[in-house]
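Trainee: Fold the following for me, if possible:
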Amino acid sequence: MMREALLLVLEGLTPFADAWALQRRLVAARQQGIISDVVILLEHQPVLTIGRSGGPGHLLVPRDLLAERGVEVHDIERGGGATYHGPGQLVAYPILDLRALDEDVVRFMRALEESIIRTVADFGITGSRRRGFPGVWVGEAKIAAVGVAVKRRVTMHGMALNVTTDLEPFTWINPCGLGRPVTSMAQTLGREVARAEVADAYARRFVEVYSLHLTPVAREDVEQRLTALAVSGAVVS
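Mentor: Reported below is the predicted structural model:
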């Protein structure tokens, strides 16, 4: 039997801080069983995020110089090191109760990679895993990053798939501390790829891998529900 979940697609370029705050509110609601699982699909404004494993060697450009270029830097609670998010990239943030996966974080991560591998395969790209290095690879280059946090059995953060992403910002960091090249679907195929088409394919593959039934929901409906819950004292916003 497939579990019910909500699919929230954010249009335009979303500031990272906005999506981060929304994730925390959804995680709190999911922890209390007030809402179902939620999958957020979005595209970020240019931002570098540094996970718990990130150290001084992960950021190769001074933060003040990045600020001058309009690129934010956030130290966040997910696993892994530094990564870049920006236009042309598909980002997915699953807010899932891990009890449906026997509280197995490794199983969740492998499934997240599998959803990406099946998605790029739909476009003729062979993606693969590399033992000890989370993410999805095309040959020696990384095409998608994965990194999550788990808060009282509920996941947050997720994956970033480079579709038509400008790859120059990845030279500002040591991506996840690996010192390996980064690629995109467009670079791999030698042609442009419609990000919206990739997002649709990813939603289908995510459903397939996690055995979910996704119901689209508008941001306004989610905000109204979270606000009502906060007012009632059920959830801290």
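
Trainee: buried sites along the lowest-mean-pLDDT helix or strand in the chain?
Mentor: Taking mean pLDDT, DSSP states H and E as the measure, the helix or strand of the chain with the lowest value is helix 219-232, at a mean of 84. Across helix 219-232, burial judged by 16 or more other CB atoms under 10 Å covers 222, 225-226, 229. C-beta: built from backbone N, CA, C; applies to glycine.

Trainee: Give me the nearest residue to D104, chain neighbours excluded.
Mentor: Among residues not flanking D104 along the chain, L98 sits closest, at 7.2 Å (CB to CB, 6 or more residues apart in numbering).

Trainee: What pLDDT does the model give the one you found?
Mentor: L98 carries a pLDDT score of 96 in this model.

Trainee: mind checking how far it is from M109?
Mentor: Distance, L98 to M109, by CB to CB, to the nearest Å: 11 Å.

Trainee: With L41 instead?
Mentor: From L41 to M109 the distance is 19 Å (CB to CB).

Trainee: And A196, by the same measure?
Mentor: For A196, the distance to M109 equals 26 Å [CB to CB].

Trainee: ok now do the nearest residue to K151 once chain neighbours are set aside, which residues does it touch?
Mentor: Spatial nearest neighbour of K151, excluding adjacent residues (CB to CB, 6+ apart): V27 at 5.3 Å. Listed by CB atoms under 8 Å, 6 or more residues apart in numbering, the contact partners of V27 are 95, 151, 154, 156.

Trainee: farthest-separated two in those?
Mentor: Put simply, by CB to CB the two of the contacts of V27 set farthest apart are I95 and K151, 9.8 Å from each other.

Trainee: neighbour-wise, which of these two wins?
Mentor: I95 (28 against 15; other CB atoms under 10 Å).

Trainee: is that one in a bridge, and if so with what?
Mentor: In this entry, I95 is beta-bridged to V38, by DSSP bridges.

Trainee: I figured it hits H157, correct?
Mentor: No - I95 lies out of contact with H157 (CB atoms under 8 Å); the separation is 9.8 Å.

Trainee: Could you tell me which residues touch both of these two?
Mentor: Both I95 and H157 are contacted by Q23, under the criterion CB under 8 Å, 6+ apart.

Trainee: burial measure for H74, as a count.
Mentor: Neighbour number of H74 under other CB under 10 Å is 12.

Trainee: what secondary structure does it sit in?
Mentor: Counting by DSSP: H, G, I helix; E, B strand; the rest coil, the backbone at H74 sits in strand.

Trainee: can you tell me how far it sits from E68?
Mentor: Counting by CB to CB, the gap from H74 to E68 is 17 Å.

Trainee: same thing with V163?
Mentor: Relative to E68, V163 is positioned 27 Å away (CB to CB).

Trainee: and of the buried residues of helix 219-232, the nearest to G139?
Mentor: Once CB to CB is applied, the member of the buried residues of helix 219-232 that ends up nearest G139 is V222, at 38.9 Å.

Trainee: Which parts of the chain are strands?
Mentor: Secondary structure of the chain (DSSP state E): strands at 3-14, 37-44, 47-50, 72-75, 82-85, 89-95, 128-130, 133-138, 141-151, 154-162, 212-217.

Trainee: helices or strands up against the second one?
Mentor: Counting contacts by 3 or more CB pairs under 8 Å, 6 or more residues apart in numbering; DSSP states H and E, strand 37-44 packs against strand 3-14, helix 16-31, strand 89-95, helix 195-210, strand 212-217.

Trainee: tell me the phi and psi of L60?
Mentor: Backbone torsions of L60, given as degrees, to the nearest 10, read phi -100, psi 0.

Trainee: Check which residues of stretch 77-88 are buried.
Mentor: 78-86, 88.
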